[in-house]
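K.L.:
Sequence plus the predicted model coming up.
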Amino acid sequence: MSGISRWLRSLLAGERARNQETALDGEDDGRPAVTREAVLQPQEMAEVNVQASRLLDVFEVGWRTDTGMVRDHNEDAVYVFTGQLDAIESPSAFGLFMVADGMGGQAGGEEASALALRSAAGQLIRDIYVPLLSGAERGSEQPAMGDVVRQAAESANAAVGRNLPGSGTTLTYGLVAGSRLFVGHVGDSRAYLLRGAAAPRVLTQDHSLVRRLVDVGQLTEAEAAVHPQRNVLYRAVGQPETLDVDVTTLPLESGDQLLLCSDGLWNMVDEAEIQSIVTSSGDAQTACDELVAAANAAGGDDNISVVLVGMNFN
Amino acid sequence: MVEHNRNLGADTDANPSQADRGGEPVARPRRGLSRWLRVPLTVEAAADGGVTREEPPSPAPQTISPAPADAASAPAPELPSGPVGDPLGTRQVTPKKPEPSPEGLLSVGVLLQSRYKILGVIGIGGMGAVYKAQDLRFPGVVRLCAVKEMMNTATDPEVRKMIVRSFEREASILATLSHPATPQIYDYFTEGSRSYLVLEFIDGMDLGVRIAETEGFFPEALVVDWATQLCDVLTYLHNHKPRPIIFRDLNPSNIMLDPHGRIRLVDFGIAKLFQSGEKGTTIGTEGYTPPEQYRGVAEPRGDVYALGATMHHLLSKQDPRLEPPFSFKERPIHQTNPTVSREVVSVIEKSLEYDINERWGSAEEFRRALLSVPSAKGLAGSMGDTTNFLGPDVVKPLWRFACEDEVRGSVTVANEIVLAPSYDHNVYALEVDDGRFLWKYATDGGVGSSPTVADGMVVFGSTDGVIYSVDLMDGHLMWTAGTKGRVFSTATPHLDHFFIGSDDGKLYAIHSRSGRKAWEYAAESGIRSRPFVDDHLVLFSCHEGLVYALSLSRELKWRFQARRGILASPVLSEGLVLIGSLDWNFYALDSRSGWTAWKYRTGGPIASTAAVCGDLVIFGSADGYIYALEASGGRMVWRYRTEGQVTGSVTTYEDAIYVGGVDGALYCLDTRAGTLRWRYQTDGPITGAAFADDGVVYFGSGDHYVYALPA
């Protein structure tokens, strides 16, 4: 019998459970009754203590935003927020990481990207983080987190449309609650999940014309990268029609890294190089600095923004 | 779908320098939010020379109609249009484009060439306006005409000349055309920095306006008639000598209906002479433009696509400009207008193939296809779903076995034996191949739970309150475990234990070999569902709507309260607990914390357990639908309407799903598309889940039978 299964069996027979009414039989393996009072061995105690362990540095975050080599000002914007509850209860880490790439309009894209971030971040903190802190009961009265993630982008859309007509922005954000990631997304900035040695897995779909042409087999990726209309979006925050926001969720594992970036990065640096830079950098901030440098070295055609978050749930 | 500040080569024969400069102009093209920053393209616009234009959207110019403008963006009415009875009113359809600066519009009364008196503006296009005018050459009568104006704003004299040449070419093309659907051209001239084209005035409204102003759907026969007229004029254009003309910007706004209901084409602005191999760079109105036009390929089959896109919009009222580009396959006409005949739908689908070689080979072929559909002949077409439909009498059971009472629970198959619970107190064991009776075990109550097989034994509960374990091969009793309530729950085997709940409110962990209770956990109400158990988690739902998550040592990790009761069993996938409630919602809960990741509201209580296949979670609701949602986000991928409530749980097998309804039918649907493959009708409600294995699907019905059908 393996060590683990023995541990599990003793848990089944063990005393840790609360809310019990009757003393119950342990494993029936023919041994005398005294073994029913299964006392947890020291090794097992240590493993149980993992649950009660304290949270330290769940997130290791780096970020950088840069004008690039060609543009004369930076219309990208970045937002980072983390909160960790360090107490004897189930993990309450919270992180919010956001990238926006503004464009067009009289006001200039930089106002649109900033407004979108402030609006969405405010709503997510108010409608997800604050209720989490106050320990709401789990039930159908709670709004689903995915719905709030969606609504944050919808309100950002209304805010930009109302205050900065004629301008727009992409909006891509990751919200980490406990160990679950939610991604909200509109536009052609991207979110990637880096897990172990696997190739970076893109979590978002570009809302661009050339992406659709590639999807229906009319352009190759290589053609898309140099297509004259490669910057044309069919969906962006600030549009007058109702916004269709992509929301996805997945469970995170310790060691995972979330990378958010504007097209100023992924248009210039391919995924293999992104992975290699992240893996070889000692920490998240260095990795971000190196990624921006790589994009600039490749031409820096656009503003470059990148946020990299490493998760540690142990 | 084009950038606001275009980086387009000019017309190929004019200014080669832009196109083959090798890189891009220093003034980088800005991102285009095409739907509402773009201005419509014409040849004249392209000949702008690629200069970066900062055109702030301006409010509606006062010379247009006083109709209220949408506050969010300025209205930009389309080309020649005007509602009947309102000669100067300009339509503001869906305000999407801010128009260019209003300075320089001609006022009423201005005389051009001492002959054409401007009566008003009837449209604004990319490079200028279209006016309604009176030709004073004809005294004593009001001879109307349309005057199309082009502002030549180029500063470079070479570019200016090129623009004028393009304009004159357009005029010449039009002058050679002679077809009922093409506009007559009367005159053209240039005054200073503006060029003018004098055309036949068409009193009518364009189809873009018609779509906006018509409530409900157009009759299919009418749309087919318009389309055949359009095919006719396209054929004429495509056969033009010396070189074919590709219209290249076919869309509802460029198609007018005259007072006699005849189709008239307008705006030949980007109609370009087709020269094989020529890579034009101007692009038509997004949404209707074929994909190859973005690669610079313009040929007659592109007009076929644009006509198909126009028909799709007319029949379904789904505006392709508001949807992701090239998404016609994901947005079938039937999604919004199920009354369109299958024949017409498939003709349109062929015209909308992204691969140019898969489309109708010509407008003439398209026209012949349209003329052969029933509605073109005044007959009704075929309705409904076409794919893979087998009528009920095509699926024949391999065998069926009669129990003495309803089979309400789910059947299970193991070791070539089918196990079926019946309300006649028995669990039956039948031979897999022919349904031959092997043994049965009688309890003292109805068996509403479903049998579970593990370790060579069959475990199930009964309404007599007892949990039974009998030998799989011969049905002899191995052990029993008593509870204080009826047992409807289904056991889950894990780590040499069976986990099962009872109406007495307890979840029991029973040692498999001995039948001794290892532990029990008291919940707030009866447990009738199947628990989920793995190495980290014990999940179960109880009757009054609570979902519990325990560690294996029975420590409560979290619990979740739905608004109403829960009869379904929890399913775990990718860290999400998936479960529906009688409160009409389907929930996805984070398994570690119990927080709601997403939820989906159906039209009725959900009693059935879901099944997961890839990223799809599939379940039935009492509102009659079978839903397939994206597990990673909760978005509906498809739903299928049955004839009654769906309370049975879903079974997935290979690429199909099986689920029974209260209407007595077992449905087999394609997992990916949600289309019906077949249905098999029984005489009693199907409330349990089917079991599929080795090409056969087994299930029980309220008509007392256990069935085996080919999967």
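P.N.:
Happy to help now that I have it. Numbering: from 1, shown residues only, chains lettered A, B, ... in the order given.
K.L.:
hey, let's count contacts and neighbours off CA atoms from now on
P.N.:
Will do.
K.L.:
what does stretch B:132-149 contact?
P.N.:
B:80, B:115-122, B:127-131, B:194-202 (Cα atoms under 8 Å, 6 or more residues apart in numbering or on different chains).
K.L.:
Now do it: distance to the chain's middle.
P.N.:
The gap between the average C-alpha position of stretch B:132-149 and the chain average comes to 48 Å, counting by Cα atoms, centre = their mean, to the nearest Å.
K.L.:
hmm, back to that, quick one: which of the contacts of stretch B:132-149 sit in strands?
P.N.:
B:116-122, B:129-131, B:194-200 (DSSP state E).
K.L.:
Among those residues, the buried ones, what's the PyMOL command?
P.N.:
The PyMOL selection below is limited to those of these classed as buried (16 or more other Cα atoms under 10 Å in any protein chain shown):
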select buried, chain B and resi 116+117+118+119+120+121+122+129+130+131+195+196+197+198+199+200
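K.L.:
Neighbours of the spatially closest residue to A:Gly161 that is not a sequence neighbour, how many?
P.N.:
Of all residues not flanking A:Gly161 in the chain, A:Gly238 sits nearest, at 4.5 Å (Cα to Cα, 6 or more residues apart in numbering or on different chains). Look at A:Gly238: counted by other Cα atoms under 10 Å in any protein chain shown, it has 31 neighbours.
K.L.:
what sits against A:Gly238?
P.N.:
Residues near A:Gly238 by Cα under 8 Å, 6+ apart: A:112, A:156-161, A:164-169.
K.L.:
Now go through those and say which are in strands.
P.N.:
In strands, defined here by DSSP E, the members of these are A:Gly168, A:Thr169.
K.L.:
quick one: which of the contacts of A:Gly238 is most hemmed in?
P.N.:
Among those, the one with the most neighbours (other Cα under 10 Å) is A:Thr169, at 37 neighbours.
K.L.:
Quickly list what that one is bridged to.
P.N.:
Beta bridges link A:Thr169 to A:Gly102, A:Val237, judged by DSSP bridges.
K.L.:
Return the residues in contact with it.
P.N.:
Residues counted as contacts of A:Thr169 (Cα under 8 Å, 6+ apart) are A:Ala100, A:Asp101, A:Gly102, A:Met103, A:Gly109, A:Ala112, A:Ser113, A:Ala116, A:Gly187, A:Ala236, A:Val237, A:Gly238.
K.L.:
any chance of these in a markdown table, plus pLDDT?
P.N.:
As requested, the contacts of A:Thr169 are exported to a markdown table (pLDDT from 0 to 100):
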| residue | pLDDT |
| --- | --- |
| A:Ala100 | 97 |
| A:Asp101 | 96 |
| A:Gly102 | 95 |
| A:Met103 | 89 |
| A:Gly109 | 90 |
| A:Ala112 | 95 |
| A:Ser113 | 96 |
| A:Ala116 | 97 |
| A:Gly187 | 96 |
| A:Ala236 | 94 |
| A:Val237 | 95 |
| A:Gly238 | 92 |
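K.L.:
Setting the sequence-adjacent residues aside, check what's closest to B:Asn337.
P.N.:
B:Asn337's closest residue in space is B:Ser316 (Cα to Cα, 6+ apart), at 5.4 Å.
K.L.:
got a pLDDT number for that neighbour?
P.N.:
With respect to pLDDT, B:Ser316 scores 96.
K.L.:
Next, the contact list for it, please.
P.N.:
Neighbouring residues of B:Ser316 by Cα under 8 Å, 6+ apart: B:Phe217, B:Ile333, B:His334, B:Gln335, B:Thr336, B:Asn337.
K.L.:
Filter these down to the buried ones.
P.N.:
Neighbour counting by 16+ other Cα under 10 Å classes B:Ile333, B:His334 among the contacts of B:Ser316 as buried.
K.L.:
Mind picking the two most distant members of the contacts of B:Ser316?
P.N.:
Within these, two members stand farthest from each other by Cα to Cα: B:Phe217 and B:Gln335, at 13.0 Å.
K.L.:
List the beta-bridge partners for whatever residue of the stretch 1-150 of chain A ends up closest to chain B.
P.N.:
Relative to chain B, the nearest point of the stretch 1-150 of chain A is A:Gly139 (4.3 Å; Cα to the nearest Cα). Applying DSSP bridges to A:Gly139 yields these beta-bridge partners: B:Gln561.
K.L.:
Surely it touches B:Trp558?
P.N.:
No: the criterion here is Cα atoms under 8 Å, and A:Gly139 misses it with B:Trp558 at 10.6 Å.
K.L.:
export the contacts of A:Thr169 to TSV and tack on distance to B:Gly648?
P.N.:
Formatted as TSV, the contacts of A:Thr169 follow (distance: Cα to Cα, whole Å):
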residue	distance to B:Gly648
A:Ala100	46
A:Asp101	48
A:Gly102	50
A:Met103	51
A:Gly109	53
A:Ala112	50
A:Ser113	49
A:Ala116	45
A:Gly187	41
A:Ala236	42
A:Val237	42
A:Gly238	45
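K.L.:
ok, of those residues, which one's closest to B:His312?
P.N.:
A:Ala236 (25.2 Å).
K.L.:
Next one, pLDDT for the closest residue to B:Gly381 other than its chain neighbours please.
P.N.:
In this structure, B:Gly381 finds its nearest non-sequential neighbour in B:Ser341, 4.9 Å apart by Cα to Cα, 6+ apart. pLDDT, the model's per-residue confidence, is 92 for B:Ser341.
K.L.:
Pull the number of nearby residues for B:Ser341.
P.N.:
B:Ser341, neighbours per other Cα under 10 Å, totals 19.
K.L.:
Go ahead and confirm it touches B:Ser382.
P.N.:
Yes: B:Ser341 lies in contact with B:Ser382 (Cα under 8 Å); the separation is 5.2 Å.
K.L.:
quick one, helices of the stretch 301-450 of chain B?
P.N.:
With DSSP state H, counting those that start in this stretch as the criterion, the stretch 301-450 of chain B has helices at B:342-351, B:363-371.
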